[in-house]
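Participant: Dropping the sequence and predicted coords here.
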Amino acid sequence: MVRCEKCEKELTRDEIGLYLKTVSRRAETFLCPACLAEKWNVPESDMRDMIERFRRAGCTLFEQKE
Ligand SMILES: [Zn+2]
């Protein structure tokens with residue numbers, strides 16, 4: 001189970017994907033969207049929008065709907 005390095009929240013595949021995509025493709029530790037949003041000083045909803053955008057682009061790091 002992968003957890004956020006800061007708040008220890010369990011991360012979903014999408015949340016790990018977001019970190020890999022926006023921070024580092026070789027990351028071994030991760031932050032959840034809430035902690036990333038805090039770090040970048042942007043609303044957490046921006047993180048959710050980004051996940052949806054990457055998903056729609058067909059990025060395989062994100063859960064693709066059938
Ligand atoms: Zn966190």
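Facilitator: Sure thing, it's come through.
Participant: surely Met13 meets Cys59?
Facilitator: Small correction: residue 13 is Arg, not Met. No: using Cβ atoms under 8 Å, Arg13 makes no contact with Cys59, being 11.4 Å away. Quick note: C-beta positions are derived from backbone N, CA and C, even for glycine.
Participant: the more surrounded of those two?
Facilitator: The residue with more neighbours, out of Arg13 and Cys59, is Cys59; 15 against 11, by other Cβ atoms under 10 Å.
Participant: Show me which residues of this structure are close to the ion?
Facilitator: 4, 6-7, 9, 32, 35 (Cβ under 5 Å from the ion).
Participant: Apply 8 Å and report the result again.
Facilitator: The chain comes close to the ion at residues 4-9, 31-36, as judged by Cβ under 8 Å from the ion.
Participant: which stretches of the chain aren't confidently modelled?
Facilitator: The chain contains residues with pLDDT under 70 at 66.
Participant: what about the helices in it?
Facilitator: 13-22, 33-40, 44-56 (DSSP state H).
Participant: Those: which one's closest to Glu63?
Facilitator: helix 13-22 (5.4 Å; Cβ to Cβ).
Participant: Show me what that closest one is packed against.
Facilitator: When contacts are defined as 3 or more Cβ pairs under 8 Å, 6 or more residues apart in numbering; DSSP states H and E, helix 13-22 packs onto helix 33-40, helix 44-56.
Participant: Present those helices as a markdown table; the columns should include mean neighbour count.
Facilitator: Output for the helices and strands packed on helix 13-22, formatted as a markdown table (neighbours: other Cβ atoms under 10 Å):
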| stretch | mean neighbour count |
| --- | --- |
| helix 33-40 | 16 |
| helix 44-56 | 15 |
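Participant: Can you add distance to Lys21 and give those back as a markdown table?
Facilitator: Listed next are the helices and strands packed on helix 13-22 as a markdown table, based on distance: least, Cβ to Cβ, whole Å:
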| stretch | distance to Lys21 |
| --- | --- |
| helix 33-40 | 11 |
| helix 44-56 | 6 |
